[in-house]
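In: this is a predicted model, with the sequence first.
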Amino acid sequence: MARGQCAGRGFIDRVTIQPTTSAPRFSAIVKLSGGAGSPAVRIQLVWMGQRRVPGIVAGAELSFEGMASPVDGIPTIYNPRYEIIGRPEEH
């Protein structure tokens, strides 16, 4: 993947919170919405300087945009603009 502007919509597959001994950083892997039969595409969203981002939890649906670049083979957007579309139902 080349570096460039990126926008998408999908569901948060997982989140990662860094230990308190590390610099503040919060990340989420988003599984992009695609058509039936399409291979799963994932993108990493990273919020620098944050230990948590309200509403960003596994299962939530969101739209996002920002400048993407490959990091360890995964398309990554730092400090993305985002909008939470739906939250997972609580049981």
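Out: Good, I have the coordinates.
In: what about the strands in the protein?
Out: 4-17, 25-32, 42-48, 61-71, 74-78, 81-86 (DSSP state E).
In: tabulate those strands (TSV), appending mean pLDDT and mean neighbour count.
Out: Yep, even glycine has a C-beta here, placed from its N, CA and C like the rest. TSV is the format used below for the strands of the chain (pLDDT from 0 to 100; neighbours: other Cβ atoms under 10 Å):
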stretch	mean pLDDT	mean neighbour count
strand 4-17	93	15
strand 25-32	95	19
strand 42-48	96	18
strand 61-71	95	16
strand 74-78	96	19
strand 81-86	94	13
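In: figure out which of the ones you listed is closest to Gly55.
Out: Of all the strands of the chain, the one in closest proximity to Gly55, counting by Cβ to Cβ, is strand 81-86 (4.6 Å).
In: helices or strands up against that closest one?
Out: strand 61-71 (3 or more Cβ pairs under 8 Å, 6 or more residues apart in numbering; DSSP states H and E).
In: closest to the centroid, which residue in this structure?
Out: Central residue of the chain (Cα atoms, centre = their mean): Leu45, 3.4 Å from the mean position.
In: my guess is it contacts Ile74, does it?
Out: No - using Cβ atoms under 8 Å, Leu45 makes no contact with Ile74, being 10.7 Å away.
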